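Colleague: coords below, sequence missing:
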């Protein structure tokens, strides 16, 4: 609906929505008896829905503000009866103005706008090159994603949320219904990726279900994925986020989907890559000039971690610090470490010398992770021509991060990542990210190989 509406049209709408028309004396001298809206104006004046301008005039040809229209809607709501469906639509349209008038419209919103949909149509093209022992491995992925994100209002404090993803391989042009391997990525053909409920109260928030979690203090250096469980955030200027649930996202654990190669005598075979995940983050308001945070993460799958590294769980400690130089430029850094595991275990393997793989002590770098990133400006999809850029150096030891958020690099890599976002038109944004550095092996020793790695990540998003 337009920001202004003609008064006579507004009168007719509300007359139709309020009650059945009846003969009444018109109090406004500038509404002639032969005007098409005469009866509607007279009826609304008699019922107190409209009051004119206090000088005996109605000024039917003058545009009115949204706030004035909301006042008429509020009075019509108070009267009740009539065309309730139409009145509900008007109340939903002017909900913000009605709320400012103290009119409760939650029930109407529940009926008219209870479910809202947002989403993305996205195209991605990703190419990488890894060089090791003079051998070059190249991969190229390109796929199209349709993402739908409904939000459902439950009551004053609670909402329901979901994310539905569909991915299609652009090389094969195949429509899939199950998980699809696209280059080096595994993308679901179609699935409900997340479902959770969210309760928002003063100074605390509750999430329950299969929910999204991006670590707060490091902008996702440690974790950016789903958690099947619950999360509680509380506090004002200083906040704490507690997360408990199940996760199958630890990149270092069970990286080979076919593990273990040989069943070890007398020990159960690990099943799957899912583990229990707990985290606590304590941090200040992210809008402050200086930002800081500390965190603890624990990922446990007794059989899997025991098989991989002879440890019952992986405990990761973390600290982070950030500074905003001005509205356009900021810097953020984070450092994480784990005291375990000591190394990767020895296992039976028919192809290994003596039938047993040797134990491999871990390099210290595999148990440390850090990132420093400079950000300039920022792209806003609603603002055509806006853009943002970043440059970062990261060293992501594979046992010190779980599922990092970065598009152009991954756990076990170190080097430079840079990128830019640009909004070509409203809700159409392009992204380019590039990484160059090394793929560092976990094991220790001078002979441990360090391969060069390069990755280009591009995407075009159409938001709705």
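Modeller: Cool, the structure landed. What you see is a predicted model, and the numbers here were worked out from it, not measured in a lab.
Colleague: Enumerate residues external to the helix or strand harbouring residue 319 that contact any of its residues.
Modeller: Take DSSP states H and E as the rule and residue 319 turns out to sit in strand 314-324. By C-beta atoms under 8 Å, 6 or more residues apart in numbering, the residues outside strand 314-324 that reach it are 217-218, 222, 250, 252-253, 283, 289-300, 305, 330-341, 399-402. Using the backbone N, CA and C atoms, a C-beta is placed for each residue, glycine as well.
Colleague: Try it again at 6 Å.
Modeller: 217-218, 289-299, 330-338, 400 (C-beta atoms under 6 Å, 6 or more residues apart in numbering).
Colleague: Sort out which residues of it are buried, please.
Modeller: The neighbour-count check on strand 314-324 (16 or more other C-beta atoms under 10 Å) flags 314-316, 318-320, 322, 324 as buried.
Colleague: Out of the residues you listed, which comes closest to residue 96?
Modeller: residue 324 (30.5 Å; C-beta to C-beta).
Colleague: From residue 375, how far out is the closest one?
Modeller: Going from residue 324 to residue 375 by C-beta to C-beta, to the nearest Å gives 9 Å.
Colleague: list the residues that contact both of these two?
Modeller: With C-beta under 6 Å, 6+ apart as the test, residue 324 and residue 375 both reach residue 330.
Colleague: Contacts only, for residue 369.
Modeller: 336, 396-397, 400-401.
Colleague: re the thing from before, for ChimeraX, write the selection for the buried entries among the contacts of strand 314-324.
Modeller: A single ChimeraX command selects the buried members of the contacts of strand 314-324 (16+ other C-beta under 10 Å):
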select :217,218,291,293,295,297,298,299,330,332,333,334,335,336,337,338,400
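Colleague: taking the contacts of strand 314-324 one by one, which sit in strands?
Modeller: 290-299, 330-337 (DSSP state E).
Colleague: re earlier: by pLDDT, give me the weakest of the buried residues of strand 314-324.
Modeller: Of all those, residue 314 has the smallest pLDDT value, namely 90.
Colleague: List the beta-bridge partners for it.
Modeller: residue 299 (DSSP bridges).
Colleague: returning to what we had before: could you give the angle of the strand holding residue 319 to strand 329-337?
Modeller: 160 degrees (axes from the mean of the first three to the mean of the last three C-alpha atoms, to 10 degrees).
Colleague: Pretty sure residue 149 sits against residue 118.
Modeller: Yes. Counting by C-beta atoms under 6 Å, residue 149 touches residue 118, with 5.0 Å between them.
Colleague: Mind checking which of those two has more residues around it?
Modeller: residue 149 (16 against 11; other C-beta atoms under 10 Å).
Colleague: for that one, what are its contacts?
Modeller: 118-119, 163.
Colleague: So for it, what's the pLDDT?
Modeller: Residue 149 carries a pLDDT score of 95 in this model.
Colleague: For the strand or helix carrying it, which strands pair with it and how are they oriented?
Modeller: Element membership for residue 149 (DSSP H and E) is strand 135-153. Note on strand 135-153: by DSSP bridges, its sheet partners are strand 115-132 (antiparallel), strand 158-169 (antiparallel).
Colleague: Out of those strands, the one nearest residue 192 is which?
Modeller: strand 158-169 (5.4 Å).
Colleague: and the closest one, what's its mean pLDDT?
Modeller: On average, strand 158-169 scores 91.
Colleague: And the helices in this structure?
Modeller: 7-18, 38-47, 66-79, 84-93, 95-100, 106-112, 302-309 (DSSP state H).
Colleague: now the last one against strand 314-324, angle please.
Modeller: If I follow you right, that is helix 302-309. Using the same axes, to 10 degrees: helix 302-309 against strand 314-324 is 80 degrees.
Colleague: for the stretch 351-464 of the chain, what are the low-confidence residue spans?
Modeller: Residues of the stretch 351-464 of the chain meeting the criterion pLDDT under 70: 351-360, 443-450.
Colleague: quick revisit: quick check: which of the strands paired with strand 135-153 is buried the most?
Modeller: strand 158-169 (a mean of 18; mean count of other C-beta atoms under 10 Å).
Colleague: need the contact list for residue 164.
Modeller: 148, 192.
Colleague: Report the separation between it and residue 428.
Modeller: In terms of C-beta to C-beta, residue 164 sits 21 Å off from residue 428.
Colleague: that older thread, of all the contacts of residue 369, which two lie farthest apart?
Modeller: Longest span within the contacts of residue 369, C-beta to C-beta: 336 and 396, 9.2 Å.
Colleague: What values do phi and psi take at residue 385?
Modeller: Backbone dihedrals for residue 385, given as degrees, to the nearest 10, come out at phi 90, psi -10.
Colleague: Tell me how far it lies from residue 423.
Modeller: Applying C-beta to C-beta, the value for residue 385 to residue 423 is 6 Å.
Colleague: So for those two, which residue has more residues nearby?
Modeller: residue 423 (21 against 11).
Colleague: Check whether that one really touches residue 431, as I assumed.
Modeller: No. Residue 423 is beyond contact range of residue 431, at 10.4 Å (criterion: C-beta under 6 Å).
Colleague: Can you name the residues bridging to residue 148?
Modeller: Residue 148 forms beta bridges with residue 119, residue 164, as assigned by DSSP bridges.
Colleague: pretty sure it contacts residue 119?
Modeller: Yes. Proximity of residue 148 to residue 119 meets the contact threshold set by C-beta under 6 Å, at 4.5 Å.
Colleague: Residue 140 contacts residue 127, correct?
Modeller: Yes. Contact criterion C-beta under 6 Å: residue 140 and residue 127 qualify, at 4.6 Å.
Colleague: Now the common contact residues for those two.
Modeller: By C-beta under 6 Å, 6+ apart, no residue touches both residue 140 and residue 127.
Colleague: distance of residue 236 from residue 124?
Modeller: Remark: distance between residue 236 and residue 124 (C-beta to C-beta) = 39 Å.
Colleague: go on, residue 452?
Modeller: 23 Å.
Colleague: Ok, residue 408 next?
Modeller: 12 Å.
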